[in-house]
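Student: Any chance you could fold what I've pasted below:
(one chain, ligands or ions: 2)
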Amino acid sequence: MKILGIESSCDDTSVALVERTDEKIEILAEKTASQIEIHKKYGGVVPEIAGRKHAEQITPVVEEIMKNFEKPDVIAVTSGPGLITGLIVGVETAKTLSYLWDVPIVGVNHIKGHIHSVKIQKDKSEKPISNFELPILSLVASGGHTELILSKKLGHYERVGGTRDDAAGECFDKVAKLLGFDYPGGPKISKFAEKGDPKAITFPRPMIHSKDFDMSFSGLKTAALYHLRDNPDTDKNDFCASFEQAIVDLLVHKTIKAAKKYNPKTIVLAGGVSANKKLRETLKKVIQKEIPSSEFKIPELKYSMDNAAMIAVTAYNHAKNKNFTPWNKLQADPNWKIYK
Ligand code: KG4
Ligand code: ZN
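Tutor: Ligands and ions are numbered 1, 2, ... in the order given. As a prediction, this is how the structure comes out:
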């Protein structure tokens, strides 16, 4: 089945053509037009500007992806959650193409897309996710979300914990801004952190001992702000390493705690923050030590960030079951939740 994926929920206009069967995923073409250079000036994504840029870029990107191909069998589009100004461009483009080509649409949830991104593996011997063993516990950490999601059955999602305030990526980005780093600051913090001592500064780990699987990052952000105010000459490498360690400790601790309760056979780490090397390595090590019966899955670095290939891949089961939305019924939903 050839699936055209469209993703425009934040600051990437991404389109991908994916050939998918039960056994295999092949990316036939993919392109992402990033808006980072534009939003950098403002220190974050400006929804109004994002919407305009998506509108300008989406047709040329679709045209480039489709130039060597006939029309797809299915169109998959992120219809939520995300910025309404971006979502609406992707959704309306998908509807127009569906009408013109007479091809059905699947509206895909962005968070679900991140979870399914782990299926896209270079190693073709990799088992397809339909064979990943249930239950699956997923930590999705991005600029907009930090959630622990349990899947007991395929297509079933239950939120068992997550942030009560800022998302982990948002915390990285806000603290990076305090350091004068450009948006998105997460990758820059982790670069400086490589040369620093993670024990140099003791940052708080809010809610780490709470009985539930919830997290909080806003207190950590405030502690980082006060530290910089009171120690203007702080060593940036040590600061970044200590701050990153606090976020990693929080995410790993709560994921392991949830895993000990729910005994998942598979643990997934996905979303933009899953590109963080320290987080990937620490979670992998702790799972191997404490829950060795669980299989740990992370996306390839390229598919950690927002991308249309993961949206196309996610739509496959819906399309197989002919679970389509007529083009004139599909709507962007900025607050769409996959779980109860
Ligand atoms: O999933 P994503 O591309 O977009 C959203 O859906 O939000 O995630 C982007 C987020 C940003 O906050 C960015 O700073 C963070 O992922 N991020 C990182 C790293 N790479 C990206 N955070 C920490 N370390 C990284 N290496
Ligand atoms: Zn995302």
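Student: Could you use CA atoms for every contact and neighbour count after this?
Tutor: Will do.
Student: does ligand 1 sit close to the least confident helix or strand in the chain by mean pLDDT?
Tutor: In the chain, no helix or strand scores lower on mean pLDDT, DSSP states H and E than helix 36-40, which sits at a mean of 93. No: on the criterion CA under 6 Å from any ligand atom, helix 36-40 is out of touch with ligand 1, staying 10.9 Å away.
Student: where's that helix relative to the chain centroid, distance-wise?
Tutor: Once both centres are worked out by CA atoms, centre = their mean, to the nearest Å, helix 36-40 turns out to sit 19 Å from its chain's centre.
Student: for the following helix or strand past that helix, packing partners?
Tutor: Counting by DSSP states H and E, the element after helix 36-40 in chain order, helix or strand, is helix 47-66. Judged by 3 or more CA pairs under 8 Å, 6 or more residues apart in numbering; DSSP states H and E, the packing partners of helix 47-66 are strand 12-20, strand 25-34, helix 84-101.
Student: In a markdown table, list those along with mean neighbour count, distance to ligand 1 and mean pLDDT.
Tutor: Shown next, in a markdown table, are the helices and strands packed on helix 47-66 (neighbours: other CA atoms under 10 Å; distance: least, CA to the nearest ligand atom, whole Å; pLDDT from 0 to 100):
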| stretch | mean neighbour count | distance to ligand 1 | mean pLDDT |
| --- | --- | --- | --- |
| strand 12-20 | 26 | 8 | 97 |
| strand 25-34 | 18 | 11 | 96 |
| helix 84-101 | 21 | 12 | 98 |
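Student: and the gap between the closest residue to residue 198 other than its chain neighbours and residue 281?
Tutor: Distances taken as CA to CA, 6 or more residues apart in numbering place residue 242 nearest to residue 198, at 3.9 Å, with adjacent residues excluded. Between residue 242 and residue 281 the computed distance is 16 Å (CA to CA, to the nearest Å).
Student: out of those two, which sits in the more crowded spot?
Tutor: Per other CA atoms under 10 Å, whichever of residue 242 and residue 281 has more neighbours is residue 242, with 22 against 10.
Student: That one belongs to a helix?
Tutor: Yes: secondary structure of residue 242 (DSSP: H, G, I helix; E, B strand; the rest coil): part of a helix.
Student: so it makes contact with residue 204?
Tutor: No: judged on CA atoms under 8 Å, residue 242 makes no contact with residue 204 at a distance of 10.2 Å.
Student: interface residues of the stretch 1-150 of the chain facing ligand 1?
Tutor: The stretch 1-150 of the chain has residues 142, 143, 144 near ligand 1, with proximity defined as CA under 6 Å from any ligand atom.
Student: Looking at the residues you listed, which is nearest residue 85?
Tutor: Proximity of these to residue 85 (CA to CA) peaks at residue 144, which lies at 15.2 Å.
Student: SS state for that closest one?
Tutor: Here residue 144 is coil, with the state taken from three-state DSSP.
Student: Got the domain ranges for the protein?
Tutor: Here the domain parsing of the chain from automatic domain parsing is 2-118+303-320, 134-298.
Student: what separates the longest one from the chain centre, distance-wise?
Tutor: Taking the mean C-alpha point of domain 134-298 and that of its whole chain, the gap between them comes to 13 Å (CA atoms, centre = their mean).
Student: Give me the mean pLDDT for that domain.
Tutor: Across domain 134-298, pLDDT averages out at 97.
Student: End to end on it, go ahead and measure it.
Tutor: Using CA to CA, the two ends of domain 134-298 sit 16 Å apart.
Student: circling back to that earlier point, just name the most buried of the domains of the chain.
Tutor: Comparing these by mean neighbour count (mean count of other CA atoms under 10 Å), domain 2-118+303-320 ranks first with a mean of 22.
Student: Report the distance from that domain to the chain centre.
Tutor: Going by CA atoms, centre = their mean, where domain 2-118+303-320 is centred and where its chain is centred differ by 14 Å.
Student: Noted, bye for now.
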